[in-house]
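Undergrad: how does the following fold in three dimensions:
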Amino acid sequence: MSNKKKPGGKSSSRSLKKPADKPLQMKFRAKPPGNSTSKPRRPFGDPVAAPKPHPGFAAIPSSNRQPSDLSYDLSMAVDSSVIDAISHSGQMVFFSVGDTGDINGTGFTQDLARQMEDLYNSSPANMKPAWLYHLGDVVYFNGVTTDYRDQFYDPYKFLNSTIFAIPGNHDGQVIVNKGDPPDPEPSLKGFFANFCDKKRRPSQSSPYRLTMDQPWPYWVLNTPLATIIGLYSNVDGSLDNWKENQHPQFNWLISQLKTADKQKALILAVHHCPFSLDSDHGGYGDILDAIDQAVTASGNRHPDLVLSGHVHNYQRFSRKIGNHAYPYVVAGNGGYASVKTMHKLQLNPATGARITAPFGTTQHGVSLESYNESEPGFLRLTVSRTTIKAEYFINDMSGAVQSPAAFDTFIVGLAKKGVAGK
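TA: Numbering: from 1, shown residues only. As a prediction, this is how the structure comes out:
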């Protein structure tokens with residue numbers, strides 16, 4: 001007699017239930033004294049900023065009920081022909097970008113969207129990017145629902161790709177910025193309405209694109225060739241509130257690293273970047289620590305690629321851990337920042353010179369391999385069973401048709417977990 005479990009039923013054989021893992025607490029860096037009155041200037045070459053004495057945290061409103069399953073299958077959002085093409089060709093292609101919304105520039109989000117459209121239309125059928133993965137800060141400044149029409153739906157109305165997203169700090173914060181009136185909505189209301197809707201349906205903001213039904217602000221996208229874990233790094237760059245004893249997102253990350261299919265690429269997306277050599281923000285230690293501690297707790301399952309936004313430029317870091325080199329990429333120049341407000345990298349205080357890549361940082365094993373601080377841009381990623389090929393395209397802001405050549409290209413070898421340069 002078969003002992004197979006029937007749908008909705010119990011197995012006829014006795015089995016021992018494996019005890020659930022005990023929730024872990026993330027270890028946070030010590031906060032500076034509460035009476036600090038200024039931000040310390042990072043030493044030259046340090047890609048991680050010092051902790052803030054009073055980091056902000058906006059809890060996900062309790063009116064949003066978290067589902068038990070935070071996974072989402074690609075087949076739920078794209079045509080079956082796309083899944084068939086991936087299976088047949090053994091590769092899949094998608095775009096990725098962060099920090100969009102044309103309120104500081106002169107149409108850069110639209111220019112990049114048109115550039116993506118041109119790449120899509122000029123690509124062979126098996127190479128057309130099937131979706132765009134947004135790295136957060138979809139609309140500025142506070143993620144208000146009414147801003148989605150102008151800043152999101154309108155710029156991408158010609159792009160024939162599904163759009164997934166994780167939220168950034170501007171999608172979740174409710175404070176007043178740059179003279180804004182008080183925010184009329186609770187945290188993440190616009191994001192939930194447009195990306196975590198109960199079902200995909202026409203949006204009041206667009207007659208062309210449906211809302212998305214992602215399960216939660218942090219979630220995992222399952223695809224035929226890659227597992228993409230998306231985190232919500234909240235307002236000041238932390239997965240969970242450091243003042244509390246419960247750290248649910250941190251423990252969820254551990255579980256996802258443990259259970260991710262080892263035969264597929266593993267990509268981690270989080271808005272706040274672990275590393276950055278810009279002169280303003282710097283990398284976020286709480287995010288770096290969360291990744292590292294979760295990797296250790298998962299049995300040393302490290303993502304093959306880490307994607308971030310937040311800093312308004314492009315930076316590609318290589319981090320050597322043991323015999324492997326892992327890329328950490330900042331792609332937060334998706335259209336929000338004007339030329340004047342793009343984040344510039346540190347200058348050498350001794351010489352006043354700009355950083356020349358490759359550049360060894362003060363963090364052990366971490367080097368800056370490539371960067372662009374003057375033009376907006378986006379990523380195109382091609383995933384196969386053996387590699388992740390990433391290309392970064394820039395836009396010269398002339399309004400003309402852009403070159404199909406990538407500004408930066410790198411390849412992640414999935415078998416040996418290494419990184420090969422252009």
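Undergrad: least confident secondary structure element in the protein?
TA: strand 418-420 (a mean of 48; mean pLDDT, DSSP states H and E).
Undergrad: could you check the pLDDT of residue 35?
TA: Predicted confidence (pLDDT) for residue 35: 73.
Undergrad: centre of the chain versus stretch 149-167, how much separation?
TA: Mean-position distance between stretch 149-167 and its chain equals 16 Å (C-alpha atoms, centre = their mean, to the nearest Å).
Undergrad: between the two ends of stretch 244-251, how far is it?
TA: 14 Å (C-alpha to C-alpha, to the nearest Å).
Undergrad: that stretch: how far from the chain's middle?
TA: On the basis of C-alpha atoms, centre = their mean, stretch 244-251 sits 20 Å off its chain's mean C-alpha point.
Undergrad: in it, which residues are buried?
TA: 247, 249-251 (16 or more other C-beta atoms under 10 Å). C-beta: built from backbone N, CA, C; applies to glycine.
Undergrad: include secondary structure when you put those residues into TSV, please.
TA: Listed next are the buried residues of stretch 244-251 as TSV, based on DSSP: H, G, I helix; E, B strand; the rest coil:
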residue	secondary structure
247	coil
249	helix
250	helix
251	helix
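Undergrad: any chance of those residues in a markdown table, plus distance to residue 261 and pLDDT?
TA: Shown next, in a markdown table, are the buried residues of stretch 244-251 (distance: C-beta to C-beta, whole Å; pLDDT from 0 to 100):
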| residue | distance to residue 261 | pLDDT |
| --- | --- | --- |
| 247 | 25 | 98 |
| 249 | 21 | 98 |
| 250 | 22 | 98 |
| 251 | 20 | 98 |
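Undergrad: JSON lines for those residues, including distance to residue 278?
TA: JSON lines is the format used below for the buried residues of stretch 244-251 (distance: C-beta to C-beta, whole Å):
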{"residue": "247", "distance to residue 278": "28"}
{"residue": "249", "distance to residue 278": "26"}
{"residue": "250", "distance to residue 278": "26"}
{"residue": "251", "distance to residue 278": "31"}
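Undergrad: closest to residue 56 among those residues?
TA: residue 249 (16.1 Å; C-beta to C-beta).
Undergrad: can you name the residues that contact the residue lying closest to the closest one once chain neighbours are set aside?
TA: Leaving aside its chain neighbours, residue 249 sits nearest to residue 239 (4.2 Å; criterion: C-beta to C-beta, 6 or more residues apart in numbering). The contact partners of residue 239, by C-beta atoms under 8 Å, 6 or more residues apart in numbering, come to 26, 218, 231-233, 247, 249-250, 253, 286-287, 290.
Undergrad: helix, strand or coil: sort out residue 390 for me.
TA: Residue 390 is classified as strand under three-state DSSP.
Undergrad: who does it bridge with?
TA: residue 381, residue 410 (DSSP bridges).
Undergrad: kindly state the pLDDT recorded for it?
TA: Confidence score, pLDDT, at residue 390: 98.
Undergrad: tell me, how many neighbours does it end up with?
TA: 24 (other C-beta atoms under 10 Å).
Undergrad: ok, now which ones touch it?
TA: Contacts of residue 390 by C-beta under 8 Å, 6+ apart are 305, 327, 329, 379-382, 409-412.
Undergrad: ranking the residues you listed by neighbours, who comes first?
TA: So for the contacts of residue 390 (other C-beta under 10 Å), the most neighbours sit at residue 329, 26 neighbours.
Undergrad: can I take it that that one is in a helix?
TA: No. Judged by three-state DSSP, residue 329 forms no part of a helix; its state is strand.
Undergrad: so where do the strands sit in the stretch 101-250 of the chain?
TA: If DSSP state E, counting those that start in this stretch is used as the criterion, the strands of the stretch 101-250 of the chain fall at 131-134, 162-165, 202-203, 206-210, 219-222, 226-230.
Undergrad: least reliable of those strands going by mean pLDDT?
TA: It's strand 202-203: among the strands of the stretch 101-250 of the chain, that one has the lowest mean pLDDT, namely a mean of 92.
Undergrad: format the contacts of residue 239 as a markdown table; extra columns: distance to residue 272.
TA: Formatted as a markdown table, the contacts of residue 239 follow (distance: C-beta to C-beta, whole Å):
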| residue | distance to residue 272 |
| --- | --- |
| 26 | 15 |
| 218 | 13 |
| 231 | 9 |
| 232 | 10 |
| 233 | 4 |
| 247 | 16 |
| 249 | 13 |
| 250 | 14 |
| 253 | 14 |
| 286 | 8 |
| 287 | 5 |
| 290 | 10 |
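Undergrad: in helices, which of those appear?
TA: Of the positions in the contacts of residue 239, 249-250, 253, 286-287, 290 sit in helices, assigned by DSSP state H.
Undergrad: and those residues, which two are furthest apart?
TA: Most distant of these, by C-beta to C-beta, are 253 and 286, 12.7 Å apart.
Undergrad: give me the distance between residue 355 and residue 347.
TA: Distance of residue 355 to residue 347, computed by C-beta to C-beta, to the nearest Å: 8 Å.
Undergrad: of these two, who's got more company?
TA: Legend: neighbour count by other C-beta under 10 Å for residue 355 and residue 347, higher for residue 355 (19 against 13).
Undergrad: does that one touch residue 371 like I think?
TA: Yes. Residue 355 lies in contact with residue 371 (C-beta atoms under 8 Å); the separation is 7.4 Å.
Undergrad: please enumerate the shared neighbours of these two.
TA: Taking C-beta under 8 Å, 6+ apart as the contact rule, residue 355 and residue 371 both touch 277, 345.
Undergrad: can you map out the helices along this structure?
TA: 80-89, 108-122, 148, 169-172, 189-195, 248-259, 285-297.
Undergrad: dump the ones you listed to TSV, plus distance to residue 402.
TA: What follows is the helices of the chain, written out as TSV (distance: least, C-beta to C-beta, whole Å):
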stretch	distance to residue 402
helix 80-89	25
helix 108-122	5
helix 148	26
helix 169-172	27
helix 189-195	28
helix 248-259	36
helix 285-297	32
